[in-house]
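A.B. asks: Pasting a predicted model and its sequence here:
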Amino acid sequence: MASTHILSAYDDELKYLSRRISEMGGLAEQMCSDAVRALVNSDAALAQKVISDDVILDHAEREIGDKAIVTIARRQPVAADLREIVGSLRIASDLERVGDLGKNTAKRVIAVQGTGVPRKLARGLEHLSDLALVQLKDVLDVYATRSAEKAEAIRIRDEEIDAMYTSLFRELLTYMMEDPRNITTCTHLLFCAKNIERIGDHATNIAETIYYMTTGAQPEGDRPKDDSSNTLGAITE
Amino acid sequence: MNMMSESAVEKALDQKMSDASHKMIGKDVSVYYGEKRALFDVNLNVRENTVTALIGPSGCGKSTFLRCLNRMNDTIENCRVTGKITLDTDDIYDQNIDVVELRARVGMVFQKPNPFPKTIYENISYGPRIHGLSKSKADMDQIVEASLQRAGLWTEVKDRLHESGTGLSGGQQQRLCIARAIAVSPEVILMDEPCSALDPIATAKVEELIHELRANYTIVIVTHSMQQAARVSQRTAMFHLGQLVEENDTDKMFTNPDDQRTQDYIMGRFG
């Protein structure tokens, strides 16, 4: 946004949207990192906090939606302004989903509390979540600068998360085969891993939205995928 | 079924537009008002069966360009036009061209509705009569009805054709002026801010009319309302300081224009 509108109130409305998105992003990031920490440390209190924070995120998404609708109705935005507002709506809904995934992970903390999480799996999950949270943090930084090139770079990085998720999936299967008593915990952890992997996908969505907001063009080509867990049946042999 | 055929018509029109023959071609058009240069080497082609919107801030030359297309600038003293404008293959600034004939082919609708202070019927019949387009009274009745039909005004005025045209509401007067322009079977219709004096309902009716007229005519419209340009046109040309800044598909223009000046103008930003 190089120049300002003749109507300064219009600028204020756009700034409001972008400030609320950044706030949502900060909270969603915090929730996800707390959820994983609560999981590996069996910290029920922290998990509970994540669950209650989700309400704030839901509320913020609705508020951004309302404000965007009012701005569209009042200003009839076009070109970059229109893309900015539509982009805000999409990013807000991605961030709201990220919050839900954090909350779902937090809920599982209570379920796996009795057995605890095996150290090796905990490390794997932490590593996966580090990757996803870096994606999320970076994409929020890119949102602040609106750089199309950086958005493109983040989009490509999602491959790493997918590969890590596939390897964790394989590991969890191995644990379950070793001892059926592990199945309950491992299934929960599998969902947690899937949640974290989905966070990466939402970060990628946001990167694509930023690219569109900035350039007016959709990013080219399919997004890179390295998630082969859906074909991992043959591992039982 | 009906919906489908309608969208098929729309599609056919769009197809027609994309391989569009250019109805009018403006090449290196410059206009001077005395010493002052108002247009700088504008190259702009008007596509057939297309609504082309000319936008830009006041004094940018959009109306000046529009008025070149049927030589309305001839009526302004000290006004000089250089470059070349063709209608189909005819050079409209050629010495041998009959300007009255030209203005029948390229009709015009103005900002303020300006019906003649005569009856509704006479407002429409005047043009066809002086151009000798009808052979009989029945013939003329037919032209009047068809023109009013096309302008979407027939049902509103059919019982008072012999009342004064100036007694109509502003929106009706403007549609009467459009009917008057249509009556001489023009090929191109120029509109200079046709809705700026109308309320939103009358504006919507005129816009709906423009949309329908596109099937049979080529339309060029100057408007200060960006939303109107976005609503009614398929092509948009942006003028600034006497220059053509950008000409593009309207959809592209209002979602992702190529030129920064277009972007700033349509978004209401400081340049």
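C.D. replies: Yep, that arrived.
A.B. asks: Please report the distance of residue B:256 from chain A.
C.D. replies: Distance of residue B:256 to chain A, given as Cβ to the nearest Cβ, to the nearest Å: 3 Å. Placement of C-beta: from N, CA and C, glycine included.
A.B. asks: ok but residue B:54 is inside a strand, no?
C.D. replies: Yes - according to DSSP: H, G, I helix; E, B strand; the rest coil, residue B:54 belongs to a strand.
A.B. asks: Mind telling me which residue of chain A is nearest chain B?
C.D. replies: residue A:216 (3.0 Å; Cβ to the nearest Cβ).
A.B. asks: contacting residues around the closest residue to that residue other than its chain neighbours?
C.D. replies: Once flanking residues are discounted, residue A:216 sits nearest to residue B:256: 3.0 Å by Cβ to Cβ, 6 or more residues apart in numbering or on different chains. Contacts for residue B:256 (Cβ atoms under 8 Å, 6 or more residues apart in numbering or on different chains) come out as A:79, A:80, A:83, A:215, A:216, A:217.
A.B. asks: what does residue A:137 give?
C.D. replies: residue A:29.
A.B. asks: ok, now with 10 Å
C.D. replies: Contacts here follow Cβ atoms under 10 Å, 6 or more residues apart in numbering or on different chains; on that basis residue A:137 touches A:25, A:26, A:29, A:33, A:203.
A.B. asks: want to throw those into TSV with pLDDT?
C.D. replies: Listed next are the contacts of residue A:137 as TSV, based on pLDDT from 0 to 100:
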residue	pLDDT
A:25	97
A:26	96
A:29	96
A:33	96
A:203	96
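A.B. asks: By neighbour count, which of these wins?
C.D. replies: With neighbours defined as other Cβ atoms under 10 Å in any protein chain shown, the most crowded of those is residue A:203; it has 31 neighbours.
A.B. asks: And the one helix or strand that one maps to, what does it pack against?
C.D. replies: Assigned by DSSP states H and E, residue A:203 falls within helix A:183-215. With contacts taken as 3 or more Cβ pairs under 10 Å, 6 or more residues apart in numbering or on different chains; DSSP states H and E, helix A:183-215 sits against helix A:8-41, helix A:79-112, helix A:119-145, helix A:148-178.
A.B. asks: To residue B:41, which of those helices lies closest?
C.D. replies: helix A:79-112 (26.6 Å; Cβ to Cβ).
A.B. asks: average pLDDT across the closest one?
C.D. replies: For helix A:79-112, mean pLDDT rounds to 96.
A.B. asks: Going by neighbour count, list what's buried in that helix.
C.D. replies: Buried positions in helix A:79-112, judged by neighbour count with 16 or more other Cβ atoms under 10 Å in any protein chain shown: A:79-109, A:112.
A.B. asks: can you check stretch A:47-67 too?
C.D. replies: Neighbour-count burial for stretch A:47-67, counted by 16+ other Cβ under 10 Å, picks out A:47, A:49, A:50, A:51, A:53, A:54, A:57, A:60, A:61, A:64, A:67.
A.B. asks: Just give me how far it sits from the chain centre.
C.D. replies: Its chain's average C-alpha position is 14 Å from that of stretch A:47-67, according to Cα atoms, centre = their mean, to the nearest Å.
A.B. asks: how about the CA coordinates for that stretch, as PDB?
C.D. replies: Provided in PDB are the C-alpha atoms of stretch A:47-67 (Å, rounded to 0.1, in the frame of the first residue of the first chain):
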ATOM      1  CA  ALA A  47      -4.100 -27.600  27.600                       C
ATOM      2  CA  GLN A  48      -7.100 -26.100  29.300                       C
ATOM      3  CA  LYS A  49      -5.900 -22.600  28.600                       C
ATOM      4  CA  VAL A  50      -5.500 -23.400  24.900                       C
ATOM      5  CA  ILE A  51      -9.000 -24.700  24.800                       C
ATOM      6  CA  SER A  52     -10.500 -21.600  26.400                       C
ATOM      7  CA  ASP A  53      -8.400 -19.300  24.200                       C
ATOM      8  CA  ASP A  54     -10.100 -20.700  21.100                       C
ATOM      9  CA  VAL A  55     -13.200 -18.600  21.900                       C
ATOM     10  CA  ILE A  56     -11.200 -15.400  21.400                       C
ATOM     11  CA  LEU A  57     -10.000 -16.600  18.000                       C
ATOM     12  CA  ASP A  58     -13.500 -17.500  16.900                       C
ATOM     13  CA  HIS A  59     -14.800 -14.200  18.000                       C
ATOM     14  CA  ALA A  60     -12.000 -12.300  16.200                       C
ATOM     15  CA  GLU A  61     -12.800 -14.200  13.000                       C
ATOM     16  CA  ARG A  62     -16.500 -13.200  13.200                       C
ATOM     17  CA  GLU A  63     -15.500  -9.600  13.900                       C
ATOM     18  CA  ILE A  64     -13.200  -9.400  10.900                       C
ATOM     19  CA  GLY A  65     -16.000 -10.900   8.700                       C
ATOM     20  CA  ASP A  66     -18.500  -8.300   9.900                       C
ATOM     21  CA  LYS A  67     -16.100  -5.400   9.400                       C
END
